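1. After the sequence you'll find the predicted model.
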Amino acid sequence: MGTKKNFVIVEGVVTTAYPNGMFLVHLDNDMDVLTVVSGKIRYRTIRVVPGDRVRVELPLYDLSKGRIIYRHPAKRNDDDDFISATDQY
């Protein structure tokens, strides 16, 4: 197993999904990075779509390319699921 000391882990938002399985991620430090999905996320068939908040692993030697290693769960808005008694009729 390789060590993770040669990588920087940052967070950002997916802005564009390309048809070849690559994604453009806008990082919190105002950088845009071309990324791919890691093997564990691909194996578990976790869908990544534009607008998702993700954690990206960047190698120290090339900060323009990276790998998505985690997709944050979407925040639920419980007010949208609420149906009042007057809305039913």
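-> On my side now, so go ahead.

2. Tell me the buried residues in stretch 61-77?
-> By 16 or more other CB atoms under 10 Å, the buried positions in stretch 61-77 come out as 66-69, 71. (Glycine included, C-beta is placed from N, CA and C.)

3. again, but for stretch 39-49
-> By neighbour count on 16+ other CB under 10 Å, the buried set for stretch 39-49 is 41, 48.

4. where exactly do the strands run in the chain?
-> Secondary structure of the chain, counting by DSSP state E: strands at 7-17, 22-27, 32-37, 53-59, 65-71.

5. Quick test: name the residue nearest the centre of the chain.
-> Nearest to the geometric centre of the chain sits residue 54, at 2.7 Å (CA atoms, centre = their mean).

6. gap between it and residue 64?
-> 16 Å (CB to CB, to the nearest Å).

7. Residue 11 too?
-> Noted for residue 11: a distance of 17 Å to residue 64, by CB to CB.

8. Between the two ends of stretch 45-63, how far is it?
-> Start-to-end span of stretch 45-63 (CA to CA, to the nearest Å) is 26 Å.

9. Touching that stretch from outside, list them.
-> 4, 6-17, 23, 25, 27, 31, 33, 35, 37-38, 41, 65-72, 74 (CB atoms under 8 Å, 6 or more residues apart in numbering).

10. next one: stretch 16-26
-> 12-15, 32-37, 48-50, 54, 56, 66, 68.

11. can you pull the buried residues of that stretch?
-> Neighbour counts over stretch 16-26 (16+ other CB under 10 Å) mark 23, 25 as buried.

12. Mind checking the pLDDT average for it?
-> Stretch 16-26 carries an average pLDDT of 96.

13. returning to what we had before: ok, of the contacts of stretch 16-26, which come out buried?
-> 12, 14, 33, 35-37, 48, 54, 56, 66, 68.

14. Residue 39 is in contact with residue 69, correct?
-> No: judged on CB atoms under 8 Å, residue 69 makes no contact with residue 39 at a distance of 9.9 Å.

15. Listing request: residues of the chain with sub-threshold pLDDT.
-> Along the chain, segments meeting pLDDT under 70 span 1-4, 76-89.

16. try 80
-> Within the chain, the stretches with pLDDT under 80 are 1-4, 75-89.
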